[in-house]
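Participant: Build me a model from this:
(one chain, ligands or ions: 1)
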Amino acid sequence: MLSDRVRMDAYYNAIFENKHHFRGKKAVLDVGTGSGILAIWSAQAGARKVYAVEATKMSEHARELVKANNLQDIVEVIEGSVEDVTLPEKVDVIISEWMGYFLLRESMFDSVISARDRWLKPTGVMYPSHARMWMAPIRSGLVDQKKNDYEGSMNDWLCFVNETKNDYGVDMSVLTKPFSEEQRKYYLQTSLWNNLHPHQVVGTAAIIKEIDCLTATVDDICEVRSNFSSSILIENTRLCGFGGWFDVHFRGRSDNPAQQEIELTTAPSLDSSTHWGQQVFLLHPPFRTSEGDDVNVSFLMNRSKENHRLMEVDLGCEIRQSSGKLLPLFKNKFYIE
Ligand SMILES: C[S@@+](CC[C@H](N)C(=O)[O-])C[C@H]1O[C@@H](n2cnc3c(N)ncnc32)[C@H](O)[C@@H]1O
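Facilitator: Below you'll find the predicted structure:
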């Protein structure tokens, strides 16, 4: 993550181009300080005091790094979960790099909300201040690869069932259905991390969620529900699925805005890709589409009941061709693991 230049530049610029949020007598809380980099920058930007909270032993490296940069009088590294720590004062700024894949997978935003509700002054500022999730139709050779992988796995299974029957006298075929369901889930229904080329995006992108980090509650982020429409922009192409990504913004707050608004985007890009990449949901089989077709999508993402850091998605999609003809509705369940 420290070598993700897009991420690093965004936080660096957000802090140093908005020193008025840090300078003077300001206190800052860095939630999940890791190496301590955001706490160090906050101190260098002029904060009076920075509380750098880290749940893991990484705190020891952060403490060393703070000392090596001669900021130990300003940055106090505290080892512990932010939910459990007690600070001696409320803070003017909460800074955190909390974003997970597709924003919310394995994200630590719940912890940031808890810290905000306990420790941010009523006039305080969140870094970042806003987040958005995006989706767009894509084309991708992965759709063929995953189908081949699934079929290969089923062929291997059927050979195994034959051999076990002929060589060992046991009929395993009763397990074909559950095996197939498990393989379908793994190869065809699990969303994928991918670094999409911008040319793979074949239709207009839509915002499916907007989060104000100053006011969002855990309930607000538990569910992402969106019905959106996208226009296909490319003549005679395949709609192979959807790509999802996010951006965050550093805008300060309305009564204390940023002097320089900064955006960190994880959208498909030729030269500014990030370690977050994009989350890809593949359609089996893909659809033929053309410029002027409209894709209507219903998207519902919830936390998995087994593990709240993972997500489950219900995705429905229908295509209205430019001629007015409606192609059959596609519905699928996806797992973001
Ligand atoms: C994505 S890393 C960011 C590290 C650093 N802020 C940076 O930008 O390079 C998130 C860090 O938050 C820590 N963390 C996660 N949940 C936490 C919690 N509830 N309280 C404190 N730290 C937490 C993790 O151990 C990890 O080091």
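
Participant: three-state assignment of S59?
Facilitator: With DSSP: H, G, I helix; E, B strand; the rest coil as the basis, S59 sits in helix.

Participant: Please apply the same query to A115.
Facilitator: Here A115 is recorded as helix under three-state DSSP.

Participant: can you check the one 10 residues further on too?
Facilitator: Using three-state DSSP, the three-state assignment for V125 comes out as strand.

Participant: List, one by one, the residues from the stretch 1-150 of the chain near the ligand.
Facilitator: 1-2, 32-35, 37-38, 53-56, 58, 81-83, 97, 108, 111 (CB under 6 Å from any ligand atom). Where C-beta positions appear, they are placed from N, C-alpha and C, glycine not excepted.

Participant: Now, those residues that are in helices?
Facilitator: Using DSSP state H, 37-38, 58, 111 are the members of these that sit in helices.

Participant: quick check, nearest of those residues to S273?
Facilitator: Relative to S273, the closest of those is I37; by CB to CB it sits at 20.5 Å.

Participant: Pull up the gap between the closest one and H61, please.
Facilitator: As for I37, its distance to H61 is 11 Å (criterion: CB to CB, to the nearest Å).

Participant: and if you look at V31?
Facilitator: In this view, V31 and H61 are 17 Å apart by CB to CB.

Participant: Looking at those two, which one has more neighbours?
Facilitator: V31 (28 against 15; other CB atoms under 10 Å).

Participant: For that one, which residues are in contact?
Facilitator: Going by CB atoms under 8 Å, 6 or more residues apart in numbering, V31 touches 53, 82, 94-96, 98, 108, 111-112, 115.

Participant: Same question for H275.
Facilitator: H275 touches 1, 4, 7, counting by CB under 8 Å, 6+ apart.

Participant: Pretty sure the second one sits against T274.
Facilitator: Same thing as D4. Yes - under the criterion of CB atoms under 8 Å, D4 makes contact with T274 at 5.4 Å.

Participant: now the chain, which segments are flagged as low pLDDT?
Facilitator: Counting by pLDDT under 70, the low-confidence segments of the chain come to 2.

Participant: max-length strand in it?
Facilitator: Determined from DSSP state E, the single longest strand within the chain is strand 237-253.

Participant: Give me the nearest residue to S111, chain neighbours excluded.
Facilitator: V82 (5.2 Å; CB to CB, 6 or more residues apart in numbering).

Participant: How about N256?
Facilitator: Ranked by CB to CB, 6+ apart and with sequence neighbours excluded, the top spatial neighbour of N256 is V125, at 6.1 Å.

Participant: What number of residues are in the vicinity of the one you found?
Facilitator: Number of residues near V125 (other CB under 10 Å) recorded here: 27.

Participant: quick one: R238 and P286 touch, right?
Facilitator: Yes - counting by CB under 8 Å, R238 does reach P286; the two are 4.6 Å apart.

Participant: which helices and strands sit right next to the one helix or strand A14 maps to?
Facilitator: Per DSSP states H and E: A14 is located in helix 5-16. Judged by 3 or more CB pairs under 8 Å, 6 or more residues apart in numbering; DSSP states H and E, the packing partners of helix 5-16 are helix 37-44, strand 120-127, strand 237-253, strand 256-265.

Participant: what does that helix contact?
Facilitator: The contact list for helix 5-16 (CB under 8 Å, 6+ apart) reads 1-2, 22, 37-38, 41-42, 44-45, 95, 97, 127-128, 248, 250, 258, 260, 262-266, 272-275.

Participant: Can you point out the buried residues in it?
Facilitator: Neighbour-count burial for helix 5-16, counted by 16 or more other CB atoms under 10 Å, picks out 6-8, 10-12, 14-15.

Participant: What of stretch 232-241?
Facilitator: 232, 234, 237-241.

Participant: Pull up the distance across it, start to finish.
Facilitator: End-to-end distance for stretch 232-241: 12 Å, by CA to CA, to the nearest Å.

Participant: starting at the chain centroid, how far to that stretch?
Facilitator: Distance of stretch 232-241 from its chain centroid, counting by CA atoms, centre = their mean, to the nearest Å, is 25 Å.

Participant: Kindly report the same for stretch 262-276.
Facilitator: Its chain's C-alpha centre and that of stretch 262-276 lie 12 Å apart, by CA atoms, centre = their mean.

Participant: okay, now D92: neighbour count?
Facilitator: Applying other CB under 10 Å, we find 22 residues neighbouring D92.

Participant: What helix or strand is it located in?
Facilitator: Using DSSP H and E, D92 falls within strand 91-96.

Participant: circling back to that earlier point, same list, the contacts of V31, but as TSV with distance to T176 and neighbour count please.
Facilitator: Shown next, in TSV, are the contacts of V31 (distance: CB to CB, whole Å; neighbours: other CB atoms under 10 Å):
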residue	distance to T176	neighbour count
V53	51	27
V82	48	26
I94	53	25
I95	53	30
S96	48	24
W98	43	22
M108	41	19
S111	44	18
V112	46	24
A115	50	26
